[in-house]
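# starting from these lines, generate the structure:
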Amino acid sequence: MILAMSHGKFAVIGVGKYGATIARILAEKGAQVFAMDNNEEKIENLKDDVAFAVTLDSTDKKVLLSQNITEVDAVVVAIGENFEATVLTCVHLMDLGVKRVIARASGKHQKLILEKIGVE
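Got it, this is the predicted structure:
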């Protein structure tokens, strides 16, 4: 899936264990990776492994736009503990015209909600 496009530009929002693993794998495969999280410690742990890492609130549409998020090939939303933040971030990304939005779902109900709003 996403690893087939590994030479593009990707943003990974939410860099806990799952998101950080995705970011590192993409970077190792040659992708330009932008890591974003609201937790400064998580960003510090990842900053040397990716092209760009920044602490921000992805539920703020203006903040996302200020990071040139529309220039990436795909955004992986890997926010694990706050599903409302996942949905709101995905909606903002889609409103901004991001080409491809992929999100982590924990369970069939979350998957259904994300699919209904057009997220992979």
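
# wait, Asp73 sits on His7?
No: with contact defined as C-beta atoms under 8 Å, Asp73 does not reach His7; the gap is 9.3 Å. C-beta coordinates here come from the backbone N, C-alpha and C atoms, glycine included.

# looking at the two, which is more packed in?
More crowded of Asp73 and His7, by other C-beta atoms under 10 Å: Asp73, with 16 against 11.

# phi, psi of that one?
phi -80, psi -30 (degrees, to the nearest 10).

# pLDDT wise, what is it at?
pLDDT for Asp73: 96.

# any idea how far the closest residue to it other than its chain neighbours lies from Thr70?
Closest residue in space to Asp73, ignoring its immediate chain neighbours: Gly8 at 3.7 Å, by C-beta to C-beta, 6 or more residues apart in numbering. Using C-beta to C-beta, to the nearest Å, Gly8 is found at 14 Å from Thr70.

# have a look at these two and say which one is more surrounded.
A count of neighbours by other C-beta under 10 Å puts Gly8 above the other of Gly8 and Thr70, at 16 against 13.

# so which bits of the top helix by length along the chain are buried?
Longest helix in the chain by number of residues, with DSSP state H as the criterion: helix 83-96. Residues of helix 83-96 classed as buried by neighbour count (16 or more other C-beta atoms under 10 Å): Phe83, Ala85, Thr86, Val87, Leu88, Thr89, Cys90, Val91, His92, Leu93.

# likewise stretch 26-33?
Leu26, Ala27, Ala31, Gln32, Val33.

# state the phi and psi torsions of the fourth one.
For Gln32, the backbone dihedrals (degrees, to the nearest 10) come out as phi -90, psi 120.

# got it, and the second one?
Comment: the main-chain dihedrals of Ala27 come out as phi -60, psi -40, following degrees, to the nearest 10.
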